[in-house]
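Engineer: Please work out how this folds:
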Amino acid sequence: MLLVRTLNEIPSLHKYFFITIQQASRMESTGEKNMIQVSQDTADLLTSAGKGHWLVPRDNPVSAKGKGLVETYWLQPNKRRPSMNTASMRLSVEGSNDGYGMSSSGGREELEVHRALSKSWKNINIENGVSIAKERLIRWNAAILESFLLKIVEQRNAKEGGDYTVSPLAEVNDFTPSEEDKVLSFTEKLCEKVMFPDDSYSEEYPVVLVGTSIDPKARAQLLEYVAIIASKYRDVPFHNFDHASHVTMSANKLLNRVCTAFVSEEEDFASVAARTFGISADPLAQFVIVFSSLVHDVDHQGVPNAQLIKEQDPLCEKYDNRSVAEKRSSAIAWDILMEDRFVDLQGAIFTNSREMMRFRQLLMNTVLATDIADKERSKAGKIRWQKAFHPSDPNVLDDTSEKPENIRSLKATLVFEQIMQASDVSHTMQHWHTFKKWNKRLYSELSKAYREERGASDPRENWYGGEIGFFDFYIIPLAKKLRECGVFGSAASEYLDYAVENRRRWEEEGKEIAIKMVNDYDAQHLRDDVLDEEDANDLQREEDEGEDFGQSGLSSIMSYNEHDSKGEEDEEEASAFDSTNYSGRETPFDDEIV
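Structural biologist: Below you'll find the model as predicted:
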């Protein structure tokens, strides 16, 4: 009563109150379950308040009575801005930086990025309701890539001698790649070493200055590219987009340790660059490593290369029966990057054919390094490591004619391959709970493959002992190499310590964990088999009943004139039968997570 009296006394309030109620009613009628929808006005207010990252535009405008088509947004207030432990996250521009490595005026550029992402969802058939968790990962990965791309832009600007103190953007790149530049070929042998430029050892260090940003189009294309890569990952238990993100996180951590590896206050950037073989001052190479981490398992089928070869997968002939999955992933990622729709992103990464060649070489070297089952490449890798880091070893051919810059480039190439290999299995060198989580996922993937007759051996037979062997013969030696090369600082010891500790705990607790994991997995799939059998029986019963119904229907038609009323009764009975058999059924396992 008080509200009505107040509204009647103040006509303007009466008007705005009912407009608000009417607008809320329209929003409710076009909403979706478990989603918060806001209007354009609310979106503008949130954006101006620095909360534009909470907003996800709807795929299509909604129809509102009296207003026609209006654009609305999904509100996700729990969504955090991606955090990056890199130089770019140390930027601070009061009132202008949006926390995603890019300053914006009024937040409009941020909304453009949101629209681009929403468009990419539609292109790759991802619905808004199920994209929230994946979008968070996509944005986080894009932020990591952007942090290294910003360093590329800053170094490029510094070399050109420009004064970029306020929001510098990359210059328009007039470089046009040739068709040869765009080809990723696996016909030639991998490079023993990828040559690093001489200026990687200069005193200049690519620290991202305040306000540095990349072109908005390139930034939007980077986000869309990551979204498309995410869609290319298959729904398998282990080698999925979550795994790719985990690998990217580890690679980013190791690279950041390289780039900030000062051993004393007197050490300058040039000495750090020399001690890290030029890696700390080469942002393009750093970008390639996080890029490779993101794409290294694209389209992975959840089975090893040996199984693909056994099945005579068409990819095997294409890739000469060697590192089939890894070559497939590299080719997909490169071919998508070379599409015309990513021309601005290409321009931000490359300025000439030489840079494109280095990118391709590092991409192939690092991704193919994750194929640890390739014995020939593994043997060659050991020889290369000895040549680079133990040249006095009598078992290694001492090539005295090798130039110092070649040895430096060999060391840098090997370090990048070690980053990739360590990141690919980083769960074994992290916290015990992280190791157990990913270990369970890997077991599920291999068990799934074996159940589907796509696995050479039953993982149940020796999972406990196999993990101990994996620690002893691969993980711990790999962690020791991280420390041996001397570029990762305390991170190398941290990885080794976790590997040793996880090995110790697995030896003590692994038998019980493996038994429970096997039993849980078998019980889960026993229930699934029961449900599959019931579904098959129901389907057969429905088909049989359909045939019976068809025969009775034919008889009814033939005798329709004589039994008209009887036919109507049969029709009612059949209708009642259909409604009970096609309404669905509940099972005791509906609420269980598969």
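Engineer: separation between the closest residue to Gly486 other than its chain neighbours and Leu254?
Structural biologist: Closest residue to Gly486 in three dimensions, ignoring its sequence neighbours and counting by CB to CB, 6 or more residues apart in numbering: Arg275, at 7.3 Å. Glycine gets a C-beta too; all of them are placed from N, C-alpha and C. Separation of Arg275 from Leu254 (CB to CB, to the nearest Å): 15 Å.
Engineer: Who has more neighbours out of those two?
Structural biologist: Taking neighbours as other CB atoms under 10 Å, Arg275 and Leu254 compare with Leu254 leading, 27 against 17.
Engineer: Helix, strand, or coil at that one?
Structural biologist: The three-state label given to Leu254 by DSSP: H, G, I helix; E, B strand; the rest coil is helix.
Engineer: For the residue nearest to it when sequence neighbours are not counted, give me its contacts.
Structural biologist: Excluding the flanking residues, the one nearest Leu254 by CB to CB, 6+ apart is Ile419, at 5.0 Å. Applying CB atoms under 8 Å, 6 or more residues apart in numbering to Ile419 gives the contacts Ala251, Leu254, Leu255, Ile289, Thr366.
Engineer: of all the residues you listed, which comes closest to Asp374?
Structural biologist: Of all the contacts of Ile419, Asp374 sits closest to Thr366, with 14.0 Å by CB to CB.
Engineer: Work out for me the element that closest one sits within.
Structural biologist: Using DSSP states H and E, Thr366 sits within helix 353-368.
Engineer: Need the mean per-residue confidence for the next helix or strand after that helix.
Structural biologist: Counting by DSSP H and E, the element after helix 353-368 in chain order, helix or strand, is helix 375-389. For helix 375-389, mean pLDDT rounds to 91.
Engineer: In the stretch 51-200 of the chain, where is pLDDT below threshold?
Structural biologist: 59-60, 63-68, 77-132, 159-173, 188, 198-200 (pLDDT under 70).
Engineer: Specify the residue ranges that define each domain of the chain.
Structural biologist: 2-75, 87-408, 531-581 (automatic domain parsing).
Engineer: which phi and psi does the residue nearest to Asp374 when sequence neighbours are not counted have?
Structural biologist: Excluding its sequence neighbours, the residue lying closest to Asp374 (CB to CB, 6+ apart) is Ser323, at 6.0 Å. The phi/psi pair for Ser323 (degrees, to the nearest 10) reads phi 50, psi 50.
Engineer: Now for Ser323, how many residues are close by?
Structural biologist: Ser323 has 23 nearby residues by other CB under 10 Å.
Engineer: I figured it hits Leu308, correct?
Structural biologist: No: here Ser323 does not reach Leu308: they are 10.5 Å apart, not a contact under CB atoms under 8 Å.
Engineer: Report the set of residues contacting both of those two.
Structural biologist: What both Ser323 and Leu308 touch, as defined by CB under 8 Å, 6+ apart, is an empty set.
Engineer: coming back round to it: any idea what the residue nearest to Leu254 is structurally, helix, strand or coil?
Structural biologist: Criterion first, three-state DSSP; result for Ile419: helix.
Engineer: ok, it to Arg384 distance?
Structural biologist: Where Arg384 is concerned, Ile419 sits at a distance of 15 Å (CB to CB).
Engineer: Also Ala274?
Structural biologist: 21 Å.
Engineer: Gln361 now?
Structural biologist: 15 Å.
Engineer: Next, count neighbours for Tyr450.
Structural biologist: 16.
Engineer: Which residue, neighbours along the chain excluded, lies closest to it?
Structural biologist: Asp458 (5.5 Å).
Engineer: Can you give me the neighbour number for the one you found?
Structural biologist: Asp458: 13 neighbours (other CB under 10 Å).
Engineer: The one 10 residues further on now?
Structural biologist: Residues within reach of Ile468, counting by other CB under 10 Å, total 14.
Engineer: which element follows the helix or strand hosting it toward the C-terminus?
Structural biologist: Ile468 belongs to helix 463-470 when assigned by DSSP H and E. Downstream of helix 463-470, the next assigned helix or strand under DSSP H and E is helix 476-484.
Engineer: same for that following helix, what does it pack against?
Structural biologist: helix 404-424, helix 490-558 (3 or more CB pairs under 8 Å, 6 or more residues apart in numbering; DSSP states H and E).
Engineer: per-stretch mean pLDDT over the ones you listed, give me the minimum one.
Structural biologist: Among those, helix 490-558 scores lowest, at a mean of 75.
Engineer: So what touches the helix holding Thr366?
Structural biologist: So helix 353-368 is contacted by 177-178, 181, 184, 186, 190-191, 194-195, 284-285, 288-289, 291-292, 295-296, 323, 326-327, 329-330, 333-334, 349-350, 374, 377, 413, 416-417, 419-420 (CB under 8 Å, 6+ apart).
Engineer: Tell me the buried residues in that helix?
Structural biologist: 355-368 (16 or more other CB atoms under 10 Å).
Engineer: Output those residues as TSV; include the columns distance to Leu149 and pLDDT.
Structural biologist: Formatted as TSV, the buried residues of helix 353-368 follow (distance: CB to CB, whole Å; pLDDT from 0 to 100):
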residue	distance to Leu149	pLDDT
Glu355	13	92
Met356	15	94
Met357	19	92
Arg358	15	92
Phe359	12	95
Arg360	17	94
Gln361	19	93
Leu362	15	94
Leu363	15	96
Met364	21	95
Asn365	21	94
Thr366	18	95
Val367	19	97
Leu368	24	96
